[in-house]
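*Asks:* Turn this into a structure:
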Amino acid sequence: MSFSGEFPSFSVTILDVRGLNQNSRDSCCGNRCKELRYIKQLVGNQLGVEQSWRLEAAQEQERTEQAQLQTKRGTDAEAVLEDQLEDENKEVGEEKKRALYELKKQPS
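*Replies:* As a prediction, the model looks like this:
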């Protein structure tokens with residue numbers, strides 16, 4: 001009786017050796033067990049690499065979003081300052097007009 005399991009990109013067959021004693025099982029499966037451990041290690045390493053790539057991609061996305069947010073905040077702050085300066089300039093212009101009007105109204 002055997003069981004076939006599927007790992008990413010290659011298949012592995014695990015033999016049922018229930019009828020053998022421990023010494024026979026060790027000698028029979030020693031190399032196979034080493035192969036299976038190695039395969040599991042490779043699969044684990046591959047999964048670790050893929051998780052690492054996903055983490056790096058997520059971190060890069062986060063940095064990009066933060067940079068965009070900082071840029072937007074900077075742009076918004078500049079727009080607010082420009083609006084404030086424009087309002088102040090309008091007020092100063094209106095005060096100058098009122099002052100000139102008052103000067104013209106005064107008798108010479």
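*Asks:* P107 in helix, strand or coil?
*Replies:* coil (DSSP: H, G, I helix; E, B strand; the rest coil).
*Asks:* tally of neighbours for it?
*Replies:* Residue neighbour count, defined by other CB atoms under 10 Å, stands at 3 for P107. Just so you know, the C-beta spots here come from the backbone N, C-alpha and C atoms, and that holds for glycine as well.
*Asks:* Against which helices or strands is the helix or strand hosting Q41 packed?
*Replies:* Using DSSP states H and E, Q41 maps to helix 22-105. On a contact count with 3 or more CB pairs under 8 Å, 6 or more residues apart in numbering; DSSP states H and E, helix 22-105 meets strand 10-15.
*Asks:* lowest-pLDDT helix or strand in this protein?
*Replies:* The helix or strand of the chain with the poorest confidence is strand 10-15; it has a mean of 45 (mean pLDDT, DSSP states H and E).
*Asks:* Could you count how many residues lie near Q46?
*Replies:* So Q46, with other CB under 10 Å, has 13 neighbours.
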